[in-house]
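**Q** Next come a sequence and a model predicted from it.
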Amino acid sequence: MKLSLLLSFLDTNEDPSFNAAILGGLICVLQETSLETSITIHSSTTFLGNTFVTDRLNSENNPLIPNSQLIRSTIAALQERTGRIYFKKVNNNPAKPLKVLSPTPTLLDIQADLMSTNPGILLKEGNQRLFTKVIKSMRDKPTPKSTMSNLDRIRCSIAEVFEYQPTDSAIWTSLRSRNLTRLSRNFLRKCLHDIYCVGFFWEHMPNLENLGQCPTCKVPESLEHIMLECDAPGQHQICNLQKDFGD
């Protein structure tokens, strides 16, 4: 039996890739065929051959590589089978004519079977650098209180105007929008993290507390005050620039 697949794979990764689509298609094939059936996988890339044949040990024992969960699930599905699996690189994509068809969504089980895969990393395949990165990746990275406070302020401001409260993920995604210039994205990100040295930043520094006060208005200085409220000369020019920035 000859089966051609047109892959349009949507996964839960933050950065879906072409390789993720290939892995999803392979898992689909393995789940839809009997365990005794021999399968020949034709692919126009060398990714499958490199991942599951040439560099299989590294692919299976490195949880930090892209699509590691999909790779481990695929290896588990391969090891369950008794039929032979062949990977063959071809120049012409046999699924190319299927682009005119509408893809049918298919739910995939990408949970690796622990009976058919290594639960961790083989010591002989790891090194101190890899182990250190894995341990650090398992630790939760705490979000600074100032960042959480700014996220809540943004959420409340949007809800006040649009009657809609975006999630933290939606706010971070909007900051990466290509509709903004790189400098604008960096500025907004730094504002959200309170990176700029204004206001309360100077409060706990001996002999420098006065830098946290606006010299003109004699109030605690903040980015909102600098851009919207300050009566210092040139403030109207800053407001006009800020409007251009928003547009």
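**A** Done, it's in.

**Q** ok, then the element right after the longest helix anywhere in the chain?
**A** Once the chain is assigned using DSSP state H, the helix that runs over the most residues is helix 145-162. The C-terminal neighbour of helix 145-162 among helices and strands, as given by DSSP states H and E, is helix 168-175.

**Q** what's that following helix packed up against?
**A** Applying 3 or more C-beta pairs under 8 Å, 6 or more residues apart in numbering; DSSP states H and E, one finds that helix 168-175 makes contact with helix 145-162, helix 182-192. In short, each C-beta sits where N, CA and C put it, glycine included.

**Q** tell me the mean pLDDT over that helix?
**A** For helix 168-175, mean pLDDT is 87.

**Q** Distance from the chain centre to that helix, please.
**A** 12 Å (C-alpha atoms, centre = their mean, to the nearest Å).

**Q** Let's see it as PDB, backbone CA atoms only.
**A** Taking C-alpha atoms only, helix 168-175 is exported to PDB below (Å, rounded to 0.1, in the frame of the first residue of the first chain):
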ATOM      1  CA  ASP A 168      -0.300  37.500  30.100                       C
ATOM      2  CA  SER A 169       0.600  35.400  27.000                       C
ATOM      3  CA  ALA A 170      -1.500  37.700  24.800                       C
ATOM      4  CA  ILE A 171       0.300  40.700  26.200                       C
ATOM      5  CA  TRP A 172       3.700  39.300  25.600                       C
ATOM      6  CA  THR A 173       2.700  38.200  22.100                       C
ATOM      7  CA  SER A 174       1.500  41.700  21.200                       C
ATOM      8  CA  LEU A 175       4.900  43.100  22.300                       C
END
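
**Q** mind giving me the domain ranges of the chain?
**A** Per automatic domain parsing, the structural domains of the chain span 18-138, 145-246.

**Q** from the chain's centre, how far out does the longest one sit?
**A** Going by C-alpha atoms, centre = their mean, the spacing between the C-alpha centre of domain 18-138 and its chain's C-alpha centre is 20 Å.

**Q** How about the shortest one?
**A** For domain 145-246, the distance from its own C-alpha centre to the chain's C-alpha centre is 25 Å (C-alpha atoms, centre = their mean).

**Q** which stretches of the protein form helices?
**A** Under DSSP H, the chain gives helices at 18-32, 47-49, 56-61, 68-80, 128-138, 145-162, 168-175, 182-192, 223-224, 235-246.

**Q** Give me the contact list for the fifth one.
**A** In other words, helix 128-138. With contact meaning C-beta atoms under 8 Å, 6 or more residues apart in numbering, helix 128-138 is reached by Asn62, Pro63, Leu64, Ile121.
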